[in-house]
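1. how does the following fold in three dimensions:
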Amino acid sequence: MEAGSQASTPIKKFNDAETPDVFFMDRLSQDILTLAESAKGRGALVFYEPSAKGDAQHWSDARALVDIVKYSADRFSSGELETFTHSGKSLWEIQTMGAKGLRYRHHADNRVKPSNWIVSSGYKAPRVVDTCGAGDWCSAGLLSRLLSKSQDISSEAAFTDAVHHGQALAAWACAFVGARGAMYASTRSQTIEAVKEISEGEAIDMTPWPRVQKRHSTERLRMSFCSTGPCVDVK
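-> You can find the predicted model right below:
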């Protein structure tokens, strides 16, 4: 730890019985990287969404672990991430661009130039009430699709399919107030059906759907987009 920083918080490594599918991190520290390394060693996909430029001090340690890095163009330029993305290992880079959608590309190794950017404009939301949390819904949908179909992450076709699924889920989330509004207003099966219709370009009649859901049933809060493992209540 650097002088003047807070004392390290002891964080356990995953034990042999724990097999996480994904390790998500949006900030970096030595403790977080230790846990990420432990998850990676147990087969987890490591997903990183940098939220602060101060993370750069840890990039040299993090880049060997990360499989997907996703960031906003409002916060980082692709050039600022070059020291991270040009790491010499296989890595997917996603840059979100707000209403313009997102773009992504694959990095192989130092001998191969990164692939050209692939632009995905996304889907039209059935209505736009609140975009708060749309990026998180996109990440969740992308990871859900990759895991649920046991996709080969190095496959451009599989990754493109996962990106589109995430964007459709984000479009649905924009139809409700708050980052968790869609989770409160619709059941898991209703959400899956809505995402399917959005992906296929079908119009959704939003008249029956309230913009704000005041009462939240336990069943609606128990929404799991994971392929395995128990569903965890969201309090």
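2. use CA for all of it now, contacts and neighbours both
-> Noted.
3. quick one: list the elements packing against the longest helix seen in the chain.
-> Counting by DSSP state H, the longest helix found in the chain is helix 156-173. Packed against helix 156-173, as judged by 3 or more Cα pairs under 8 Å, 6 or more residues apart in numbering; DSSP states H and E, are the following elements: helix 134-148, helix 181-185, helix 188-199.
4. weakest of those by average pLDDT?
-> The weakest mean pLDDT among the helices and strands packed on helix 156-173 belongs to helix 181-185, with a mean of 90.
5. quick check: closest non-adjacent residue to residue 33.
-> Spatial nearest neighbour of residue 33, chain neighbours left out: residue 62 (6.6 Å); criterion: Cα to Cα, 6 or more residues apart in numbering.
6. okay, now the one you found: neighbour count?
-> 23 (other Cα atoms under 10 Å).
7. thinking it is in contact with residue 34, fair?
-> No. Contact between residue 62 and residue 34 fails when scored by Cα atoms under 8 Å: they sit 9.7 Å apart.
8. ok, residue 63 touching residue 83?
-> No. Residue 63 lies out of contact with residue 83 (Cα under 8 Å); the separation is 9.1 Å.
9. so how far is residue 196 from the residue nearest to residue 33?
-> 35 Å (Cα to Cα, to the nearest Å).
10. can you confirm residue 93 is in a strand?
-> Yes. Going by DSSP: H, G, I helix; E, B strand; the rest coil, the assignment for residue 93 places it inside a strand.
11. and it, what pLDDT?
-> For residue 93, the predicted pLDDT is 94.
12. and it, what does it touch?
-> If you count contacts by Cα atoms under 8 Å, 6 or more residues apart in numbering, residue 93 has them with 68, 69, 70, 85, 104, 105, 106, 107.
13. apply 10 Å and report the result again.
-> The contact partners of residue 93, by Cα atoms under 10 Å, 6 or more residues apart in numbering, come to 48, 67-71, 78, 81, 84-85, 103-107, 114, 117.
14. where along this structure do the helices fall?
-> Under DSSP H, the chain gives helices at 30-41, 59-62, 82-85, 134-148, 156-173, 181-185, 188-199, 218-221.
15. I'd like to know which of these is closest to residue 125.
-> Residue 125 lies closest to helix 156-173 among the helices of the chain, at 4.4 Å (Cα to Cα).
16. worst-scoring helix or strand of the protein, pLDDT-wise?
-> When the helices and strands of the chain are scored by mean pLDDT, DSSP states H and E, helix 218-221 comes last with a mean of 44.
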